[in-house]
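Enquirer: Sequence and computational prediction follow.
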Amino acid sequence: MTTRTDRQEHSLDDIRATVARARTAGRAWAALGPRERRGALLLWKRSLARRVDEFAELIASETGKPVHDARSEVLLTLVHLDWAARNARRVLGRRRVASGLLSVHQRALLAYRPLGVIGVIGPWNYPLYTPMGSIGYALAAGNAVVFKPSELTPGVGVLLARSFGEALPDHADLLTTVTGPGSTGAALAGAEGPSGVDKVAFTGSPGTARKVAAACATTLTPLLAECGGKDAVLVAADADLDAAADAIVWGAMGNAGQTCAGVERVYAVASVHEDLCSRIVSRARALVHGEAYGPLTLPSQLDVVERHVKQALVDGGRAELGGPDSLRGRVLGPVVLSGVPEDSPAVTEETFGPVVVVNPVRDMDEAVERANASEYALGAAVFTASRANGLAWAERLGSGAVSVNSVLGFAAIPSLPFGGSGESGYGRIHGDEGLRSFAAPRSVTVRRFAPAVDLTSFATPREKVAKAVELGRRLHARF
């Protein structure tokens, strides 16, 4: 359970002091170099691996999710931290790039420098895995981090920072946690005046992201925003329906549907729609609520889920399983809807509950069109017997990540970037792009020899400059 310390509300002055300490620690961290940082982060990772049960039990107590789900979350965290630590030097290390014919006398080098102090504002649905997609990569890139966890899961954030300090006592101020309500996160982003952070990584709703973006804009502080999704699964006529149904139920009901890239919409070709619905219902009905998934962590989310389900039925949708009566008690029963109009809130808005809409479509072209019609563009999935067709349809989807014949296949692959567009936010975590999100490119040139015609000197005769420019023009006009 959380302690009184976990519930402390940090003020702007507290945050500024924390950022200042982090900046001092960050300078020493950046000076270590990538090899030393890798060794330190892997030491922390091994320490976390020995504390899986401690983290999992705390996550479960604060979110309500089953401990087995929480253990999986910790494992995913370890996988990403390991990758970031081991790949930062390859991705961000100095390398030579082509100079081009015009600047053949220059050696061109590209390197990356840490940004400084990163402010991370985390969510409650995956209170360790999601923010560590920013924290671990930011640390690997040479930055310090100030973490503000959700007010619903402050203990996880406090334990995370404490574990870092215990594993790396010489760098204890490098990762610190500040706690409090939403106003604390707003202060970290600069809503009450500059906090001192050099970038903010935020996960939450689009509405809150807009407020954070406005706060960051006052100091031109860059923002990385991950704002949820309304992910679709497209099911072709030749798909393995058992595999599709199994994945859909897991993707829709896992973590009580409280997954930003979880399954909320399904578009199945009409010839297999009824059969697929039957298989989804059979699997969802077999779930033992409270064991397969826990309660809604945010009690007010029940109002959103209830509104979506009731309006879907009013709009002409059918309840294949469950309905308003399923939305009672601490743990909600699974709800499977079909034939829901595309303008109904259950299709257009993020539900964030154990509800899935399964609608028929004429063909996969229509499925792609409907999937892309959403204001969200985070993740998607395609089920088909043809890998070639699956890849072709994936290329046509506007989401930031697509899985073929699985759902959320990208979540456990740290080399793949994660993020979306539209209401799903902007920027990327994970992978090479995730590391670069927390570093600034630095261009360096080294003059190797004097060029035949120096275009950067007033001492070069004008006629020589003119001839060189004309020669260059002719080359570009020809090739």
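Expert: Ah, there it is. Numbering: from 1, shown residues only.

Enquirer: For this protein, which residues score under the pLDDT cut-off?
Expert: When residues are selected by pLDDT under 70, those of the chain lie in 1-7.

Enquirer: What is the subsequent helix or strand relative to the longest helix along it?
Expert: For the chain, the longest helix by residue count, based on DSSP state H, is helix 67-92. The C-terminal neighbour of helix 67-92 among helices and strands, as given by DSSP states H and E, is strand 95-97.

Enquirer: List of residues touching that next one?
Expert: Residues outside strand 95-97 that contact it (C-beta atoms under 8 Å, 6 or more residues apart in numbering) are 107-111. The C-beta positions use only the backbone N, C-alpha and C, and glycine is treated the same way.

Enquirer: Parallel or antiparallel, which strands does it pair with?
Expert: strand 106-114 (antiparallel) (DSSP bridges).

Enquirer: got the angle for the strand it pairs with vs helix 67-92?
Expert: 150 degrees (axes from the mean of the first three to the mean of the last three C-alpha atoms, to 10 degrees).

Enquirer: buried residues in strand 106-114?
Expert: 106, 112, 114 (16 or more other C-beta atoms under 10 Å).

Enquirer: Kindly state the beta-bridge partners for the second one.
Expert: Listed by DSSP bridges, the beta-bridge partners for residue 112 are residue 441.

Enquirer: again, but for residue 231
Expert: residue 263.

Enquirer: coming back round to it: closest one of the buried residues of strand 106-114 to residue 236?
Expert: residue 112 (42.0 Å; C-beta to C-beta).

Enquirer: I figured the closest one was touching residue 436, is that so?
Expert: Yes. Assessed by C-beta atoms under 8 Å, residue 112 is found in contact with residue 436 at 6.7 Å.

Enquirer: Is residue 359 within a helix or a strand, and which one?
Expert: Judged by DSSP H and E, residue 359 forms part of strand 355-361.

Enquirer: Pull out the buried positions in that strand.
Expert: Of the residues in strand 355-361, those buried (16+ other C-beta under 10 Å) are 355-361.

Enquirer: Next, give phi and psi for residue 202.
Expert: phi -120, psi 140 (degrees, to the nearest 10).

Enquirer: For it, name its beta-bridge partners.
Expert: When bridges are called by DSSP bridges, residue 202 pairs up with residue 121, residue 225.

Enquirer: residues touching it, list them.
Expert: 120-121, 185, 189, 208-209, 212, 223-226.

Enquirer: any idea which of these is closest to residue 100?
Expert: Nearest to residue 100 among the contacts of residue 202, with distances taken as C-beta to C-beta, is residue 224, at 31.9 Å.

Enquirer: Is there a neighbour count for the spatially closest residue to the closest one that is not a sequence neighbour? I'd like the number.
Expert: Nearest residue to residue 224, sequence neighbours excluded (C-beta to C-beta, 6 or more residues apart in numbering): residue 427, at 3.4 Å. By the measure other C-beta atoms under 10 Å, the count of residues near residue 427 is 21.

Enquirer: ok so, going back, what is the strand holding residue 359 packed up against?
Expert: On a contact count with 3 or more C-beta pairs under 8 Å, 6 or more residues apart in numbering; DSSP states H and E, strand 355-361 meets helix 241-253, strand 263-269, helix 270-285, helix 301-314, strand 335-338, helix 345-348, helix 364-372.

Enquirer: Tell me which of those sits nearest to residue 157.
Expert: Among the helices and strands packed on strand 355-361, the nearest to residue 157 by C-beta to C-beta is helix 301-314 (20.8 Å).

Enquirer: Can you show me the strands along the stretch 51-200 of the chain?
Expert: For the stretch 51-200 of the chain, the strands defined by DSSP state E, counting those that start in this stretch cover 95-97, 106-114, 117-121, 144-148, 175-177, 199-203.

Enquirer: Would you agree residue 291 is in contact with residue 69?
Expert: No. With contact defined as C-beta under 8 Å, residue 291 does not reach residue 69; the gap is 10.3 Å.

Enquirer: before we move on, back to that, isn't the residue nearest to residue 224 right up against residue 437?
Expert: Yes. With contact defined as C-beta under 8 Å, residue 427 and residue 437 form a contacting pair (5.9 Å).

Enquirer: Between those two, which contacts overlap?
Expert: The contact lists of residue 427 and residue 437 share 201, 224, where a contact means C-beta under 8 Å, 6+ apart.

Enquirer: Now distance to residue 20 too, for the buried residues of strand 355-361, in a markdown table please.
Expert: Shown next, in a markdown table, are these (distance: C-beta to C-beta, whole Å):
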| residue | distance to residue 20 |
| --- | --- |
| 355 | 46 |
| 356 | 47 |
| 357 | 49 |
| 358 | 53 |
| 359 | 53 |
| 360 | 58 |
| 361 | 56 |
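
Enquirer: ok, those vs residue 467, which is closest?
Expert: Comparing these against residue 467 with C-beta to C-beta places residue 361 closest, at 63.6 Å.

Enquirer: Mind exporting the C-alpha coordinates of stretch 279-287 to PDB?
Expert: Extracted C-alpha coordinates of stretch 279-287, given in PDB (Å, rounded to 0.1, in the frame of the first residue of the first chain):
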ATOM      1  CA  ARG A 279     -16.100 -17.200 -31.100                       C
ATOM      2  CA  ILE A 280     -15.300 -13.800 -29.400                       C
ATOM      3  CA  VAL A 281     -18.400 -14.200 -27.200                       C
ATOM      4  CA  SER A 282     -17.600 -17.800 -26.300                       C
ATOM      5  CA  ARG A 283     -14.100 -16.800 -25.200                       C
ATOM      6  CA  ALA A 284     -15.200 -13.600 -23.400                       C
ATOM      7  CA  ARG A 285     -17.900 -15.400 -21.500                       C
ATOM      8  CA  ALA A 286     -15.400 -17.900 -20.200                       C
ATOM      9  CA  LEU A 287     -13.300 -15.200 -18.500                       C
END
